[in-house]
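Trainee: coordinates only, sequence not included:
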Ligand code: C5P
C-alpha cells in the first residue's frame, strides 16, 4: 500500500508570537548577519498549523492575518516541512494549513512561528523522533527566530538570535500590540540601522543589567522602563508614524513601549489586564493605530493541540 492510499492523518500545532524585550544589535558580521544580544518573550497570540497526509505537497492560509502570505514553496513553513523530510528520510507529502492570527511582516516572527510549528507537527505526524537539539539545529537553518519559537517562554538569544540560553524571569505581563498598515522588511530595517550608525564604532552587544533585574523581579513597571530596541530608530526612520504611535501609548498610560523586532508592530506593557483594556480602547479611539491586539506573556512554544489517530 502506498502512503497516498492510507487514511488521512493530521496533526495541529499552536505556536505563539514573540516580542523582543531587549534587542541589542552589533556591527554586521562578514556573512551579513548582525550579532545580537536579545531577550525573546513569547505571547499568547497564536497561529495554528495543521499538517495532513496528502498525495502531493500543498499549503493554504486562512484567518484574520492571511492576506499577503505566500501559498507556495517559498513559504517558510513549506521549506520547514521539506527540510525535515530530507533530514528524516521521509517520502510522505503533507498539506499544510495555516490559520494566521500573528501579524505578517510585523516584527512578531509570524513566518518563523509557522516554520517552528510545522517542524513540530511533521515530526509528530511522521514519527521522525528528532531530539530537541536536532530540531533546534534544523530550525536555526530556517531563520534566526525559529529556534526560540520551539520553546517559547522568555529566553536570551545571541549569535544571530539562534543561540538560546535560559533567563530567570518571574511573573506574567499584560501587553497591547499596536499594528500598522503594511509591514517592514527585516533586511531593510537592519540596513537602515547600519546607515544611521554611519562610521560610528558599535560595541559588542551584551544584555543590560536593568533588563535582567526587571525580569528577576517580575515588576511590570521596571520591565516597562527597561524595554529597548536598537532597531527602533531605523524602523521609525522608515515609517515615521511609529514615533506617534509610541507617544500615544505612553500618553494613554502604558508602563513602557517598544517597536517589536524589526517592526512595525509596537508593543506596550500595561500594569494590569484592566489597564491593558483601557489602553487598547484609547489607542483605537485615537485613530493613531490601524488595529490593536491584547495578549499576555510568557506563553509556551510550539505544541501539539490535536492529533487524531488515522483509520
Ligand atoms: O534569519 P532570518 O532569515 O530571519 O533573517 C532575515 C534577514 O534579517 C537576514 O537576511 C538579515 O538581512 C537580517 N538579519 C540580520 N541579523 C540578524 C538577524 C537577521 O542582519 N541577527
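Mentor: Received the coordinates, thanks. The model shown is predicted, which means the values in this text are computed figures rather than measured ones. Numbers count the residues shown, from 1 in each chain.
Trainee: residues of stretch 287-294 that come out buried?
Mentor: Neighbour counts over stretch 287-294 (16 or more other C-beta atoms under 10 Å) mark 288-289, 291-294 as buried. In this view, the C-beta of every residue, glycine as well, is placed from N, C-alpha and C.
Trainee: identify the residues contacting it?
Mentor: The contact list for stretch 287-294 (C-beta atoms under 8 Å, 6 or more residues apart in numbering) reads 45, 103, 174-181, 241, 244-245, 248, 266, 276-277, 280, 283-284.
Trainee: hmm, which of those are the buried ones?
Mentor: 45, 103, 174-180, 245, 248, 266, 276, 280, 283.
Trainee: if I look at residue 241, how far off is residue 290?
Mentor: 10 Å (C-beta to C-beta, to the nearest Å).
Trainee: quick one: contacts for residue 64?
Mentor: Counted by C-beta under 8 Å, 6+ apart, residue 64 has contacts 100-101.
Trainee: rewinding a little: least confident pick among the buried residues of stretch 287-294?
Mentor: The lowest pLDDT within the buried residues of stretch 287-294 belongs to residue 288, with 89.
Trainee: next, it: phi, psi?
Mentor: Backbone torsions for residue 288, taken as degrees, to the nearest 10, come to phi -70, psi -20.
Trainee: okay but residue 252 is in contact with residue 283, surely?
Mentor: Yes: using C-beta atoms under 8 Å, residue 252 is in contact with residue 283, at 6.3 Å.
Trainee: quick one: the helices in the protein, in order.
Mentor: Secondary structure of the chain (DSSP state H): helices at 76-88, 110-126, 132-142, 146-151, 186-197, 209-217, 220-226, 232-238, 241-251, 273-286.
Trainee: nearest to the ligand, out of those helices?
Mentor: Among these, helix 186-197 comes nearest to the ligand, with 3.4 Å by C-beta to the nearest ligand atom.
Trainee: now the closest one: buried residues?
Mentor: 186, 189-190, 192-193.
Trainee: ok, now stretch 138-148?
Mentor: For stretch 138-148, the buried set under the neighbour-count rule, 16+ other C-beta under 10 Å, comprises 138-140, 142-148.
Trainee: can you sort out which of these also neighbour the ligand?
Mentor: Among the buried residues of stretch 138-148, the ones lying near the ligand by C-beta under 6 Å from any ligand atom are 143-145.
Trainee: which residues does the residue nearest the centre of the chain contact?
Mentor: With distances taken as C-alpha atoms, centre = their mean, the residue of the chain nearest its centroid is residue 109 (2.7 Å). Contacts of residue 109 were listed using C-beta under 8 Å, 6+ apart, and they are 17-18, 102, 145, 148-149, 261.
Trainee: now flag whichever of those is closest to the ligand.
Mentor: residue 145 (5.7 Å).
Trainee: in the stretch 201-311 of the chain, what residue lies closest to the ligand?
Mentor: residue 262 (7.2 Å).
Trainee: excluding chain neighbours, give the residue nearest to that residue in space.
Mentor: The shortest distance from residue 262 to any residue other than its chain neighbours is 3.9 Å, reached at residue 189 (C-beta to C-beta, 6 or more residues apart in numbering).
Trainee: what does residue 134 give?
Mentor: Leaving aside its chain neighbours, residue 134 sits nearest to residue 87 (7.8 Å; criterion: C-beta to C-beta, 6+ apart).
Trainee: isn't the one you found up against residue 139?
Mentor: No: assessed by C-beta under 8 Å, residue 87 is found out of contact with residue 139, at 11.5 Å.
Trainee: CSV for the buried residues of helix 186-197, including pLDDT?
Mentor: Formatted as CSV, the buried residues of helix 186-197 follow (pLDDT from 0 to 100):
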residue, pLDDT
186, 96
189, 98
190, 98
192, 98
193, 98
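Trainee: also near the ligand: which of those residues, exactly?
Mentor: Near the ligand, by the rule C-beta under 6 Å from any ligand atom, you find 186, 190 out of the buried residues of helix 186-197.
Trainee: nothing else from me, thank you.
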